[in-house]
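[1] starting from these lines, generate the structure:
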Amino acid sequence: METEAGAPARLSDQVRQLQAEAKRLAGEHIEILRANLLQTERIADEIAQGGDAYPPGVRDLARRLHEDSVAKAQLIQGIMARV
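    Numbers count the residues shown, from 1 in each chain. Have a look, this model is predicted:
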């Protein structure tokens, strides 16, 4: 990494830049996880409400997965709001 004048950047500046980039990428990754939890919640709810087309054990599991996915997505959102 170089400064605007072409001189090598200080190592500490490079470290800060890399840490900032890692934090930004981690935030994107966490948002993907949250979005996937919400998608899981929607699909699980569809299955839980799907009636006799789905086996009772699968409907029950989907109902619990729906509830858990909603709670986990909200928890992630709350944690990220404090960061």
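
[2] packing partners for the lengthiest helix in the chain?
    The residue-count maximum for a helix in the chain (DSSP state H) belongs to helix 11-48. When contacts are defined as 3 or more Cβ pairs under 8 Å, 6 or more residues apart in numbering; DSSP states H and E, helix 11-48 sits against helix 56-82. Quick note: C-beta positions are derived from backbone N, CA and C, even for glycine.

[3] from residue 20, how far off is residue 13?
    The spacing between residue 13 and residue 20, counted by Cβ to Cβ, to the nearest Å, is 11 Å.

[4] that older thread, can you point out the buried residues in the longest helix of the chain?
    For helix 11-48, burial by neighbour count (16 or more other Cβ atoms under 10 Å) applies to 34, 37-38, 40-41, 44-45, 47-48.

[5] where are the low-confidence patches of the chain?
    Counting by pLDDT under 70, the chain has low-confidence residues at 1-8.

[6] could the buried residues of helix 11-48 be laid out in CSV, adding distance to residue 64?
    Listed next are these as CSV, based on distance: Cβ to Cβ, whole Å:
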residue, distance to residue 64
34, 19
37, 14
38, 16
40, 12
41, 11
44, 8
45, 11
47, 11
48, 9
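
[7] which one of those residues is nearest residue 58?
    Nearest to residue 58 among the buried residues of helix 11-48: residue 47, at 6.5 Å, using Cβ to Cβ.

[8] ok, now which ones touch that closest one?
    Applying Cβ atoms under 8 Å, 6 or more residues apart in numbering to residue 47 gives the contacts 54, 58-59, 62.

[9] show me what contacts the residue most central in space within the chain?
    The centroid of the chain falls nearest to residue 33 when counting by Cα atoms, centre = their mean (2.5 Å). Residues near residue 33 by Cβ under 8 Å, 6+ apart: residue 76.

[10] how much space separates it from residue 46?
    Note on residue 33: its distance to residue 46, by Cβ to Cβ, is 21 Å.

[11] check residue 23 too.
    Distance from residue 23 to residue 46, by Cβ to Cβ: 35 Å.
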